[in-house]
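Enquirer: Model the following, please.
(one chain, ligands or ions: 2)
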Amino acid sequence: MAAQRALRTNNEADNPSSPVLQFGPDKPLKLDAGTVLSPFQVAYQTYGSLNDARSNAILVCHALTGDHHVASTNPVTGKPGWWEVLIGPGKIIDTNRFFVICSNVVGGCLGSTGPASTNPATGRPYGLDLPIITIRDMVRAQLMLVDHFGIEKLFCVLGGSMGGMQVLEWAASHSERVFSVLPIATGARHSSQNIAFHEVGRQAVMADPDWHGGKYLDFGRRPEKGLAVARMAAHITYLSEAALHRKFGRNLQDRDALTFGFDADFQIESYLRHQGMTFVDRFDANSYLYLTRAMDYFDLAADHGGRLADAFAGTKTRFCLVSFTSDWLFPTEESRSIVHALNAAGASVSFVEIETDRGHDAFLLDEPELFAAINGFIASAARARGLSL
Ligand SMILES: CC(=O)SCCNC(=O)CCNC(=O)[C@H](O)C(C)(C)COP(=O)(O)OP(=O)(O)OC[C@H]1O[C@@H](n2cnc3c(N)ncnc32)[C@H](O)[C@@H]1OP(=O)(O)O
Ligand SMILES: N[C@@H](CCO)C(=O)O
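Expert: Ligands and ions are numbered 1, 2, ... in the order given. From the prediction side, this is the model:
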């Protein structure tokens, strides 16, 4: 591993106008699909400084439609970083103490190579000519970035949902490179129901006449209607029945009576339309196909001979799993089965189930119990690592 002499510690939190960093390794990215991606690039951000021992690095893995702007203003949406409540100077993940790295996944559309990137063989956007990307491929690209920083062992890798899948993949395939991991609201494989919801979303995208077999950029079009419907359906799965009832009930949207038509009579309809419309402004439809596919293909047990415990055999990594009571996308049973496998593997593991009605996306919200769990785990792991913080 070639340690870099000049480490780029782009404190975006201190300098919101700083450019997005992009890493383009000389080596190709080996893909599970049996081919390589070359060249390729990874967009990333860092916060804080790497210590002399390079032992204080935390890698944050984003979820399906997230990005590397984890703790600073997103330049596309103008919104705060998606985990700015958690990460920053003096916050629970304190960037005065830790060096935080977050990169956009390969296959995405927010700076890293994905289906909208130019295919060097044609000079046109890849579209569906991009090979299928897996969670393991995403992690291989992250590993190259970590090597680029000369980091032998990450102090912690954490993330929720698809981010949690990457965390588990790190722990299974590169356990010697991670001291501790925090997989949140995730599973060791995508369930049949979850694949089903993703398929509905993909079919909505592909049924949009503006999709053009995935070549919409060549036609100067974007399948916005299909992508918006895909997001509306998916967004329901990120919430819970109780939260929908609490927030919207059967309340009407800006009217006193039903219209006896198909306008958004109900607040929940208006809300979902808003979620769909705003999503298409920030996301690429083909990336949505690729990233949902990556989640569908994830099956850690299958990758290790059918026994999940074998994925973690001999691990020295410390684990803390977190689930939410109202998460019906990755219910607590998913985390519990990982905990059982880790117990069978003799791993150091703790587990927290958080009582909330906020559903799967609770991990993105200001959730005091979640923050307390992360705080406690990080503090204890830091002591065990001998980090003088
Ligand atoms: C992990 C990562 O990498 S981040 C991934 C990318 N980010 C996401 O996926 C976030 C998307 N998810 C969400 O927005 C989820 O709803 C949550 C759960 C995280 C947010 O929850 P909350 O903060 O409770 O926000 P809520 O769900 O009420 O949505 C607020 C939005 O809905 C809009 N809204 C609320 N009610 C209505 C309504 N009746 N009609 C129309 N719009 C409405 C608000 O104006 C607001 O819009 P804005 O986001 O454009 O400002
Ligand atoms: N709502 C989040 C989590 C979905 O799993 C996202 O879109 O990335």
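
Enquirer: Show the pLDDT at residue 25.
Expert: Residue 25 is assigned a predicted lDDT (pLDDT) of 81.

Enquirer: nearest spatial neighbour of it, skipping sequence neighbours?
Expert: Using Cβ to Cβ, 6 or more residues apart in numbering and skipping residues adjacent in sequence, the residue nearest residue 25 is residue 144, 4.9 Å away. No exception for glycine: its C-beta is placed from N, CA and C like everyone else's.

Enquirer: Enumerate every residue touching that neighbour.
Expert: Contact analysis of residue 144 by Cβ atoms under 8 Å, 6 or more residues apart in numbering lists 23, 25, 27, 29, 42.

Enquirer: What's the separation between it and ligand 1?
Expert: 21 Å (Cβ to the nearest ligand atom, to the nearest Å).

Enquirer: quick check, that residue in a helix?
Expert: Yes - checked against DSSP: H, G, I helix; E, B strand; the rest coil, residue 144 lies within a helix.

Enquirer: quick one: which of the contacts of residue 144 is nearest ligand 2?
Expert: Distance ranking of these against ligand 2, using Cβ to the nearest ligand atom, places residue 42 first at 18.0 Å.

Enquirer: And for the closest one, the neighbour number?
Expert: The criterion is other Cβ atoms under 10 Å. On that basis, residue 42 has 25 neighbouring residues.

Enquirer: residue boundaries of the strands in the stretch 51-200 of the chain?
Expert: Listed from the start of the chain, the stretch 51-200 of the chain has strands (DSSP state E, counting those that start in this stretch) covering 57-61, 87-88, 93-94, 99-103, 154-160, 178-184.

Enquirer: and of those strands, who's closest to ligand 2?
Expert: strand 154-160 (7.0 Å).

Enquirer: Could the C-alpha coordinates of that closest one be exported in CSV?
Expert: Included here for strand 154-160 are C-alpha records, laid out as CSV according to Å, rounded to 0.1, in the frame of the first residue of the first chain:
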residue,chain,number,x,y,z
LEU,A,154,-10.0,2.1,9.8
PHE,A,155,-11.1,2.9,13.3
CYS,A,156,-14.8,2.5,12.4
VAL,A,157,-17.0,1.9,9.4
LEU,A,158,-20.7,2.9,9.8
GLY,A,159,-23.8,3.4,7.8
GLY,A,160,-27.5,2.6,7.4
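
Enquirer: Torsion angles phi and psi at residue 355?
Expert: Here the main-chain torsion angles of residue 355 (degrees, to the nearest 10) amount to phi -80, psi 110.

Enquirer: Tell me who's in contact with it.
Expert: Taking Cβ under 8 Å, 6+ apart as the contact definition, residue 355 lies against 325, 369.

Enquirer: residue contacts, the closest residue to residue 172 other than its chain neighbours?
Expert: The spatially closest residue to residue 172, leaving aside those adjacent along the chain, is residue 311, at 4.1 Å (Cβ to Cβ, 6+ apart). Under the criterion of Cβ under 8 Å, 6+ apart, the neighbours of residue 311 are 168, 172, 188, 300-301, 303-304, 341.

Enquirer: burial count for the residue of the stretch 101-250 of the chain found nearest ligand 2?
Expert: Among residues of the stretch 101-250 of the chain, the one nearest ligand 2 by Cβ to the nearest ligand atom turns out to be residue 161. It sits 3.5 Å away. For residue 161, the tally of surrounding residues (other Cβ under 10 Å) stands at 27.

Enquirer: ok, the most centrally placed residue in the chain to residue 345 distance?
Expert: Averaging the C-alpha coordinates of the chain gives a centre point, and the residue nearest to it by Cα atoms, centre = their mean is residue 63 (2.0 Å). Noted for residue 63: a distance of 26 Å to residue 345, by Cβ to Cβ, to the nearest Å.

Enquirer: where does the chain dip in pLDDT?
Expert: For the chain, the stretches flagged by pLDDT under 70 are 1-20, 388-389.

Enquirer: so what are the domain limits for it?
Expert: Recorded structural domains for the chain (assignment: automatic domain parsing) are 21-189+300-385, 193-294.

Enquirer: how long is the shortest one end to end?
Expert: Read that as domain 193-294. Counting by Cα to Cα, to the nearest Å, you get 15 Å between the two ends of domain 193-294.

Enquirer: How far does that domain sit from its chain's centre?
Expert: 19 Å (Cα atoms, centre = their mean, to the nearest Å).

Enquirer: Which residue would be the closest one in the stretch 1-150 of the chain to ligand 1?
Expert: With Cβ to the nearest ligand atom, the shortest gap between the stretch 1-150 of the chain and ligand 1 falls at residue 66, namely 1.6 Å.

Enquirer: That residue touches residue 82, doesn't it?
Expert: Yes - counting by Cβ atoms under 8 Å, residue 66 touches residue 82, with 5.6 Å between them.

Enquirer: quick one: which of these two has more around it?
Expert: When residue 66 and residue 82 are compared on other Cβ under 10 Å, the one with more neighbours turns out to be residue 66, at 26 against 23.
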